[in-house]
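J.: Need the 3D shape of this:
(chains A and B)
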Amino acid sequence: MTITAPLTTLDSDGIRALLPHSWPFLYLDRVLELEPGESATGLKNVTVAEPHFAGHFPRTSVMPGVLIVEACAQLVGVVLLSRDDPESRDRALLASIDKFRFRAIVRPGDQLVLAVERQASFSGVHNFRAFARVDGNVVAEGRLSVAA
Amino acid sequence: MDLETLKMAAKERQGLCDAIKRMIVDRLDLPIDPDWITDDQPLFGRGLELDSVDTLELMLGLEADFDLALTDDDRAAFGSVGTLAARILEERGSIVDAVVG
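T.: Below you'll find the model as predicted:
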């Protein structure tokens, strides 16, 4: 028998209610699917109005790879902070970034589709596999650990 | 249990310990020779000084290479290479566990 866990969606207001981040450092616009404690998919719409494009780079806009990692980490934060667990802290902090690869340039106008899935947990630290896609193609992938 | 069985069991256990050491050094990118790790050396604290992020990496390695899925409740298994080997053999239902475990 398969038990299907409830999947939840969140808009940007719901995300801000869950995460401590705000502009200009919130890199998550919508959560499409959420299984608290386990996995999620989310959207990040990339726009030229974001402040980092002023310097990265002055004549060619490229979303910094570290900010794609940050977007994935924020989605992991949503997964962990949405748990119905009295022991879970109200803050999730990055503990490691492992084996990330950046496979394509992400530019204004692109829609990043992020997917994170928990692989293992130990002593309050959780390891997640993460994928970022644009138009179905993987533009970044790797693993990260978050303490929460 | 005869002597040959005991010898085979000990050999299986040693081979497993060696494989675990290679996995630890490989997964954690440790700048040491796998042979430098002893079977009963503590993995945490004053032993190899691993932290919780390292442990997560080992959990993934144990699952991928040894088909052993551990959870937060299995902390005792992470005591040393020897305790990890004992746990793997226990899961396999090996005869060695009855001898050494």
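
J.: Distance of the residue nearest to B:Ile37 when sequence neighbours are not counted relative to A:Arg83?
T.: Counting by Cβ to Cβ, 6 or more residues apart in numbering or on different chains, B:Lys21 is the residue found nearest to B:Ile37 once chain neighbours are left out, at 4.8 Å. Any C-beta I mention is one placed from the backbone N, CA and C, and that applies to glycine too. Distance of B:Lys21 to A:Arg83, computed by Cβ to Cβ, to the nearest Å: 35 Å.

J.: With neighbour numbers in mind, choose between these two.
T.: Of the pair B:Lys21 and A:Arg83, B:Lys21 is the one with more neighbours under other Cβ atoms under 10 Å in any protein chain shown, namely 23 against 13.

J.: My read is that A:Ala73 contacts A:Ala148, right?
T.: No: counting by Cβ atoms under 8 Å, A:Ala73 stays clear of A:Ala148, with 11.0 Å between them.

J.: what sits up against the biggest helix by length in chain B?
T.: If you go by DSSP state H, chain B has its longest helix at helix B:3-27. Applying Cβ atoms under 8 Å, 6 or more residues apart in numbering or on different chains, the contact partners of helix B:3-27 are B:30, B:32-35, B:37, B:39, B:43, B:48, B:57-58, B:60-62, B:65-66, B:81-82, B:84-85, B:88-89, B:94-96, B:99-100.

J.: Any of the residues you listed buried? List them.
T.: The neighbour-count test (16 or more other Cβ atoms under 10 Å in any protein chain shown) marks B:30, B:34, B:37, B:39, B:43, B:48, B:57-58, B:60-62, B:66, B:81-82, B:84-85, B:88-89, B:94, B:96 as buried among the contacts of helix B:3-27.

J.: For chain A, just list every one of the helices.
T.: According to DSSP H, the helices that chain A contains are A:12-18, A:65-81.

J.: Tell me which of those helices is the most buried.
T.: Mean neighbour count (mean count of other Cβ atoms under 10 Å in any protein chain shown) peaks for helix A:65-81 among those, with a mean of 23.

J.: Give me the below-cutoff pLDDT ranges for chain A.
T.: A:1-7, A:86-89 (pLDDT under 70).

J.: residues from it in reach of chain B?
T.: Residues of chain A lying near chain B by Cβ under 8 Å from any Cβ of the partner chain: A:95-96, A:98, A:119-127, A:145, A:147.

J.: doesn't A:Arg30 make contact with A:Thr8?
T.: No: using Cβ under 8 Å, A:Thr8 is not in contact with A:Arg30, being 11.8 Å away.

J.: any common contacting residues for those two?
T.: The contact lists of A:Thr8 and A:Arg30 share no entry, where a contact means Cβ under 8 Å, 6+ apart.

J.: ok now stretch A:9-18, how far from the chain's centre?
T.: Centroid separation for stretch A:9-18 versus its chain: 13 Å, with Cα atoms, centre = their mean, to the nearest Å.

J.: Now it - C-alpha only, PDB.
T.: Extracted in PDB, the C-alpha atoms of stretch A:9-18 (Å, rounded to 0.1, in the frame of the first residue of the first chain):
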ATOM      1  CA  THR A   9       2.100  24.900  -2.500                       C
ATOM      2  CA  LEU A  10       3.400  28.200  -1.200                       C
ATOM      3  CA  ASP A  11       3.300  31.700  -2.800                       C
ATOM      4  CA  SER A  12       5.900  34.300  -2.100                       C
ATOM      5  CA  ASP A  13       4.000  35.600   0.900                       C
ATOM      6  CA  GLY A  14       3.800  32.000   2.300                       C
ATOM      7  CA  ILE A  15       7.600  31.600   1.700                       C
ATOM      8  CA  ARG A  16       8.400  34.800   3.500                       C
ATOM      9  CA  ALA A  17       6.200  33.700   6.400                       C
ATOM     10  CA  LEU A  18       8.400  30.600   6.700                       C
END
